[in-house]
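Chemist: make a model of this:
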Amino acid sequence: MKIVLVIDQFDDANNGTTISARRFAQALKDNGNEVRVIATGKLADYKYAVRQLKLFPVVEHLLTSQGMRLAVPNKHVFEKAAAWADVVHFMMPSPLGVMGLKHVEKLGIPHTAAFHCQPENITFTLHLGNSKRVNDFVYNRFRDSFFNRFTHIHCPSNMIADQLRQHGYTAQLHVISNGISPEYTYGKREKEPWMQGFFNVLMVGRYAGEKRQDELIDACAKSRHAQEIQVILAGKGPLEKKYRKLAEKLPNPIVMSFYEPARLLEILHMADLYVHTSDAEIEAMSCMEAFACGLVPVIADSPRSATPQFALDERSLFPAGDTDALAARIDWWIEHPEERREMELRYAEHARQYSLEASIRKTEEMFRQAIAEQRGARA
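Modeler: Residues are numbered from 1 along each chain as shown. So this is what the prediction gives:
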């Protein structure tokens, strides 16, 4: 198939959606498809380039601090892409997506969407993440302006599919994991000097309100083994200064940095435990990649997060927001190294069912359905 992906930012792998999109595009190509993207950045053989949307400096800073950019819709770019494509797949309900959808509809090109942006990703940034009324408003806005104009939507988890059904989304919902790339497999590397002598507790994710890295910092400070623990927060985001200040109470200096995928893979193979504290999460690829590499996860059991589905038993769960319970879980895994090693192997095996190859096959089937329906409508 000839597939066009619509995503505001594709070049820089500095946020989860872009990283997933790049991996998705490459896997589709590896499976024999032709893939092009509509995104900001420089023109390339695979890309229809559009201009970056300029916003007020405060808003611009907020977006870029989380690794995001927005694009300016361009009618002529969509006309050119649509003339080439068998199907156009929209990754975000951004201005680029909303305006681009109008052009694709007018041209009668098969189109599908993915639901990657949870309302809480926006509302927590505005300090309104716990307001059901505000989150419902965003769900409904997404539905009416964008998603209910599609007949097929890719949902990375059952949790988010259930949310869409509850909010009146009418498309056929395809629950398909974003998929774990084959390089994320069980392995152990000798710790580098900066990690030696510590029990390294890792979390990967944006420094944003819904991710709740503050809970990990608090829990590690409360731990009976606080003197042994080194906290590693892999990511970037607007709350970096806040978290660095909060981490001053830890006995050992916190490590906070954004790592390119290859470097992050090395760290995953050296760390001792993975913690995922997020209150809201559509799937959490970072957690999946961690346990695929052989890290036991400890996951916040939040009703707005799909990540608890990956826990193999209660030792990998804690009540969301309860830092005493999280400290107790971390202490248990520190004090039971043999059980941890046993579960590392079980989690690595568990990860096999979420392979990227399987996800691509299911996504291709969704595309074929959309193409067949559009051809049937024309006939």
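
Chemist: low-confidence ranges, the protein, go.
Modeler: Along the chain, segments meeting pLDDT under 70 span 13-15, 56, 58-67, 377-379.

Chemist: could you pull out the helices for it?
Modeler: For the chain, the helices defined by DSSP state H occupy 16-30, 57-65, 75-84, 95-107, 119-123, 132-145, 158-166, 213-222, 240-246, 261-268, 285-292, 323-335, 337-350, 356-378.

Chemist: how about CSV for the ones you listed, with distance to Glu183 added?
Modeler: Yep, even glycine has a C-beta here, placed from its N, CA and C like the rest. Formatted as CSV, the helices of the chain follow (distance: least, C-beta to C-beta, whole Å):
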stretch, distance to Glu183
helix 16-30, 10
helix 57-65, 28
helix 75-84, 30
helix 95-107, 30
helix 119-123, 27
helix 132-145, 33
helix 158-166, 26
helix 213-222, 25
helix 240-246, 28
helix 261-268, 6
helix 285-292, 9
helix 323-335, 25
helix 337-350, 13
helix 356-378, 10
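
Chemist: deepest in the core, which of the ones you listed is it.
Modeler: Among those, helix 285-292 has the highest mean neighbour count (mean count of other C-beta atoms under 10 Å), at a mean of 26.

Chemist: tilt between it and helix 16-30?
Modeler: Angular relation of helix 285-292 and helix 16-30 on a 0 to 180 degree scale: 60 degrees, by axes from the mean of the first three to the mean of the last three C-alpha atoms, to 10 degrees.

Chemist: what's helix 285-292 packed up against?
Modeler: The helices and strands touching helix 285-292, judged by 3 or more C-beta pairs under 8 Å, 6 or more residues apart in numbering; DSSP states H and E, are helix 16-30, strand 199-204, strand 273-276, strand 297-301, helix 337-350.

Chemist: CSV for these, including distance to Glu373?
Modeler: Putting the helices and strands packed on helix 285-292 into CSV (distance: least, C-beta to C-beta, whole Å) gives the following:
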stretch, distance to Glu373
helix 16-30, 20
strand 199-204, 38
strand 273-276, 38
strand 297-301, 38
helix 337-350, 35
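
Chemist: out of these, the one nearest His89 is which?
Modeler: helix 16-30 (8.9 Å; C-beta to C-beta).

Chemist: look up the closest residue to Phe78, ignoring the ones flanking it.
Modeler: His103 (4.0 Å; C-beta to C-beta, 6 or more residues apart in numbering).

Chemist: now for that neighbour: which residues touch it?
Modeler: Neighbouring residues of His103 by C-beta atoms under 8 Å, 6 or more residues apart in numbering: Lys75, Phe78, Glu79, Ala82.

Chemist: could you do Glu248 as well?
Modeler: No contacts exist for Glu248 under C-beta under 8 Å, 6+ apart.

Chemist: and it, how close does it get to Ile217?
Modeler: 10 Å (C-beta to C-beta, to the nearest Å).

Chemist: if anything else comes up later, I'll come back, but that's it for now.
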